[in-house]
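**Q** need coordinates for the below:
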Amino acid sequence: MKNVKELKWPDPRYEIIGAFEELANTEMQENDWIDPAYAHSFWDSIWFYPCDSLIERWEFFKPGQAFKTIGDFLYDKEEAEAIEKYCAFLLELLNEKIGANKPDLAYFNHPEWPKVIKGAKEIYELMKRNNEKYGYDEYLEEFERRERLERQEAGKNAAGDKL
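**A** Numbers count the residues shown, from 1 in each chain. Next comes the predicted model:
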C-alpha cells in the first residue's frame, strides 16, 4: 500500500461517513424517513442513526471533541472543524429551533433544513476525498484482514489451551 495514512480506529470513520451520507440524501429522507402512517418517523430515523452516531456516541457538538479524534478516525483539522461546527448547528436546530418528536414535515420543511443537507454533503465529499488521498479503502481492507488473522490465531491458541 502506498500513500496510506493509517488511522488508529478506521471502523468508526466508516460509520461517520454513513451518517453524513444519510443527512445529505434528500431522496432517502423523503422515501424512508417521512412516513404519514407514523407521526415521528423522521425524528426516530434521524436521531437513531446519524445523530446518535455523531452527537450521542462521539459528542462532536462539544468544542474540541472532534479534534481529539484526529489520527484515530478523522484525518485532519479540516475534517474535525467542519464536523464540530456542523454537529453544533444540527443539535441546536433539532433541539432548540424545531424540537423533538415533531411531525415529520416540521423537520424536512424547516427553512434551515437545506443547510443540514448542504453541510452534510460538503463533509461527506471532504471525507471521501481524504479517503482517496490517504488510501482509506485499502487501509480498511488491510486492517480488517489483520483483525481476522488475530481472531483466528486467538481461536487456535484457545483451542490449544484446552488440549
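**Q** and the longest helix for this structure?
**A** Taking DSSP state H as the criterion, the chain has its longest helix at helix 136-162.
**Q** doesn't residue 6 lie inside a strand?
**A** No. Applying DSSP: H, G, I helix; E, B strand; the rest coil, one finds residue 6 to be coil, outside a strand.
**Q** what about it, how many residues nearby?
**A** Applying other Cβ atoms under 10 Å, we find 13 residues neighbouring residue 6. Any C-beta I mention is one placed from the backbone N, CA and C, and that applies to glycine too.
**Q** state the phi and psi torsions of residue 65.
**A** Backbone torsions of residue 65, given as degrees, to the nearest 10, read phi -60, psi -50.
**Q** ok, residue 69 - contacts?
**A** 12, 58, 80 (Cβ atoms under 8 Å, 6 or more residues apart in numbering).
**Q** same check, this time on residue 140
**A** Contacts of residue 140 (Cβ under 8 Å, 6+ apart): 10, 11, 14.
**Q** again, but for residue 122
**A** By Cβ under 8 Å, 6+ apart, the contact list for residue 122 reads residue 82.
**Q** repeat for the one 4 residues further on
**A** Taking Cβ under 8 Å, 6+ apart as the contact definition, residue 126 lies against 78, 79, 82.
**Q** next step: those restricted to helices.
**A** 78, 79, 82.
**Q** the nearest residue to the last one once chain neighbours are set aside is in what secondary structure piece?
**A** Meaning residue 82. With Cβ to Cβ, 6 or more residues apart in numbering as the criterion, residue 82 has its nearest non-adjacent residue at 5.1 Å, and that residue is residue 123. Using DSSP states H and E, residue 123 falls within helix 113-134.
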